[in-house]
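> Give me coordinates for this.
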Amino acid sequence: MGRAIGETMAVIMVAGNAAIIPDPITNALSPVRTLTGTLGIEMGEAAVGSAHYHALFGVAVVLLAITLAVNMCARMILQRIQERHEGAAGAGYGPIRAGIDLIRLYTPIFLLIVPSGLLAVAADLRTAALALAVVLGFFLLRERVSPKISQKIAFGLITSSALIVLLILGIILFDIISNGLPALSWEFLTEPPRNLGREGGIGPAILGTLYLIGGAILVALPIGIGAAIYLNEYTTEGRVTRTIRAGADLLNGTPSIVFGLFGFAFLVLFLNLGVSLLAGQITLGLMILPTIIRTTEEALKAIPDSLREGSLALGATRWQTISRVILPSAVPGILTGTILSIGRAAGETAPILFTAVVFSRRLLPTSVFEPVMALPYHLFILATNVPGAERNQYGTALVLLMLVVGVYLTAILIRNRYQKTVTW
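Predicted coordinates:
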C-alpha cells in the first residue's frame, strides 16, 4: 500500500494532474491530482528558496507521514499476528483463541462493508446494493453448503484469480511487443534521439540506464551486506536491532519521489554535485538499500547454526567463519535481493527526475559529474510531452522491458549456479 501511495509517473500518465475535486465526489472517471503528481510536475518549475519551493517540501513531508503511518500500522498488525501465533503454539487456547473468534466474527462484517463502499464510489448505489445482497447471501448460505462444494468454489475463485493475473500480464506484454517490434532496428538501439525523440534512437538512454543501475548496486550492495551481517551475526535480538529493522522496513516503503527530493536538496544543491550521474546513482542506491538489507539478513538466517558452530569449533575466528563459511552459502539469497533491487532501480523515474537525467543528449557522459539519459525518463517524456512519437514510445518501452528481463535472467543464472555448489 505504501508503494501504491508513493507511485508518481504511472499515476500522472493515467490519472492526469488536474487540480480539481471530482464532481460528484464519487466520480471515478474524473482526472485527479495526487501528492506525488504535484511534486513530480511542480518541483521542476519552482525557484529554489521560494515559498513555492518550501511548500513542495511541505507536501513531501505530508506524503512521507502518510506512508510511514500506513507502514507502521501494517508492521504492528503483522507483529500482533506473529505474537498470537507464537502464543497459540505455546499456550494453546485462552485469550488468543478468543481473539481469533472475534476476528472470525467481524470478518464477514468487514467483507460486507468494504466492497459495498468501494462499489458505491466506483459505480452507483444500485450496483453497491446488488453487490451487498450477493455478499450477504453468500454468508447466509455458506453454512448450508457442503464442504466439497465449498472446496470447489474456493478452488475456482483461486484459479480465476491466477488466470486474471496471467490475462492482464498477457495483454500488457502483447500490447508492448506488438507495437514496439516495428520500432526496433540497429539505428534505434545505437543512435541518439532526433526531432524531440520522434526520430533517431535511444542508444545513450540504454547505456545511461546501465550506468545508473551499476552505480546504484555498487553503492547499496556493500552497505546492505555489511548492515545485514551486523544485525544477524554480531548482535543479539534487542531494542537496537528491532529499531534498525523497523527503520529499514519503513525506509523500504518510502515513496520514490521523496528519495528524489532528498537527492535534489542534499546531493544536487547542498553538496553541489549538480544534476549528475553520481547524484542519481547515490539516490537509487539509498532507495534499494532496505531491500538488500532485509533479503541478505533472511539469507543469513537460513544458514544452519551447525555450520557456524563447526567452524568455530575448528578454531576459526568469527570473521573467518562469516567470510569463508556463511557468506558463500548465502550468495543465492543475496543475489535474489540484488535481482529485486536491479528491477526496481531500472524502472524508477522519480528518484532520478531531479538528480541525474536529461531528455536528450547526443554524447555519453565523460565523468560521473555529468547528466545522463535514462530509458524510464525518456519514455515518460515521450508519452506525456511529445505528440506524434507513439512508435518510439512503444519501442522504448519494449527495450526497457527487454533490458530488465535480460538483467534478471543473467542474475538468476548466476544464482542457480551458486545454489548447485551450496550443500549442508
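> So which residues of this structure form strands?
193-194, 199-200 (DSSP state E).
> helices or strands up against the first one?
Translated: strand 193-194. strand 199-200 (3 or more CB pairs under 8 Å, 6 or more residues apart in numbering; DSSP states H and E). All C-beta atoms are positioned from the backbone trio N, CA, C, and that covers glycine.
> Listing partners with orientation, what would you give for the strand it packs on?
Partners of strand 199-200 in the sheet, by DSSP bridges, are strand 193-194 (antiparallel).
> Poorly predicted segments of the stretch 1-150 of the chain, please.
Scanning the stretch 1-150 of the chain for pLDDT under 70 picks out the ranges 1-3, 26, 85-132, 134-145.
> all helices of it, in order?
Remark: helices assigned in the stretch 1-150 of the chain by DSSP state H, counting those that start in this stretch are 2-5, 9-15, 35-42, 51-91, 95-122, 125-141, 147-180.
> Same check on the stretch 201-350 of the chain?
Using DSSP H, counting those that start in this stretch, the helices of the stretch 201-350 of the chain run over 203-229, 239-252, 256-262, 277-301, 305-313, 318-321, 327-347, 350-353.
> tell me the average confidence for the fifth one?
Looking at helix 305-313 alone, the average pLDDT works out to 87.
> What of the second one?
With pLDDT averaged residue by residue, helix 239-252 scores 79.
> List the buried residues of it.
For helix 239-252, burial by neighbour count (16 or more other CB atoms under 10 Å) applies to Thr241, Arg245, Ala248, Asp249, Leu250, Leu251, Asn252.
> again with the fifth one
Within helix 305-313, the residues scored as buried using 16+ other CB under 10 Å are Arg308, Ser311.
> and the residue lying closest to Gly208 once chain neighbours are set aside, how many neighbours does it have?
Among residues not flanking Gly208 along the chain, Val372 sits closest, at 3.5 Å (CB to CB, 6 or more residues apart in numbering). When neighbours are defined as other CB atoms under 10 Å, Val372 has 26 of them.
> now Val372, which residues is it bridged with?
Counting by DSSP bridges, the residues bridging with Val372 are Val357.
> which residues sit in contact with it?
204, 207-208, 211-212, 277, 280, 356-358, 361, 364-365 (CB atoms under 8 Å, 6 or more residues apart in numbering).
> do that again at 10 Å, thanks
Contacts for Val372 (CB atoms under 10 Å, 6 or more residues apart in numbering) come out as 204-205, 207-212, 275-277, 280-281, 352, 356-358, 361, 364-365.
> just the buried members of these?
204-205, 207-212, 275-277, 280-281, 352, 356-358, 361, 365.
> Same list (the strands of the chain) but as JSON lines, adding distance to Ile288.
What follows is the strands of the chain, written out as JSON lines (distance: least, CB to CB, whole Å):
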{"stretch": "strand 193-194", "distance to Ile288": "28"}
{"stretch": "strand 199-200", "distance to Ile288": "31"}
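> Can you say which of those strands is packed in most?
Most buried of the strands of the chain, by mean neighbour count (mean count of other CB atoms under 10 Å): strand 193-194, with a mean of 19.
> ok, residues contacting that one?
Outside strand 193-194, the residues that touch it by CB under 10 Å, 6+ apart are 199-205, 359-362, 373, 378, 382, 386, 389, 392, 396.
> rerun at 8 Å
For strand 193-194, the surrounding residues in contact (CB under 8 Å, 6+ apart) are Glu199, Gly200, Gly201, Ile202, Ala205, Ser360, His378, Asn392.
> what do you get for stretch 329-346?
209, 212-213, 216-217, 220-221, 224-225, 284, 287-288, 291-292, 294-296, 298-300, 302-303, 307, 327, 375-376, 400, 403-404, 407-408, 411-412, 414-416, 418-419, 422, 424.
> What's the local residue count around Val61?
12.
> Could you check how far the residue nearest to Gly208 is from Ala356?
6 Å (CB to CB, to the nearest Å).
> Touching both of those two, which residues are there?
The contact lists of Val372 and Ala356 share Leu212, Leu277, Gly280, where a contact means CB under 8 Å, 6+ apart.
> Please name the residues that touch Ile177.
Listed by CB under 8 Å, 6+ apart, the contact partners of Ile177 are Leu398.
> Check it and give its pLDDT.
pLDDT, read off for Ile177, is 92.
> same thing with Gly260?
88.
> ok, it - contacts?
By CB under 8 Å, 6+ apart, the neighbours of Gly260 are Thr283, Ala350, Pro351, Ile352, Leu353, Phe354, Thr355.
> out of these, who's nearest Met13?
Using CB to CB, Ala350 comes nearest to Met13 of the contacts of Gly260, at 12.5 Å.
> wouldn't that closest one be in contact with Thr254 here?
No. Using CB atoms under 8 Å, Ala350 is not in contact with Thr254; the gap is 11.3 Å.
> tell me the mean pLDDT for stretch 212-230?
The average pLDDT for stretch 212-230 rounds to 91.
> Touching it from outside, list them.
By CB under 8 Å, 6+ apart, the surrounding residues in contact with stretch 212-230 are 244, 248, 277-278, 280-282, 284-289, 291-294, 296-297, 299-300, 322, 327, 334, 337-338, 341-342, 345-346, 352, 356, 368, 372, 374, 407.
> Now that we have these, which of them are buried?
For the contacts of stretch 212-230, buried by 16+ other CB under 10 Å: 248, 277-278, 280-282, 284-289, 291-294, 296-297, 299-300, 322, 327, 334, 337-338, 341-342, 345-346, 352, 356, 368, 372, 374, 407.
> coming back round to it: the more surrounded of Ala350 and Thr254?
Using other CB under 10 Å as the criterion, Ala350 and Thr254 rank with Ala350 on top: 27 against 21.
> Next one: that one from Gly263, what distance?
Ala350 is 10 Å from Gly263, where distance means CB to CB.
> from the shared contacts of Val372 and Ala356, which single one is nearest Leu163?
Nearest to Leu163 among those, counting by CB to CB, is Leu212 at 36.2 Å.
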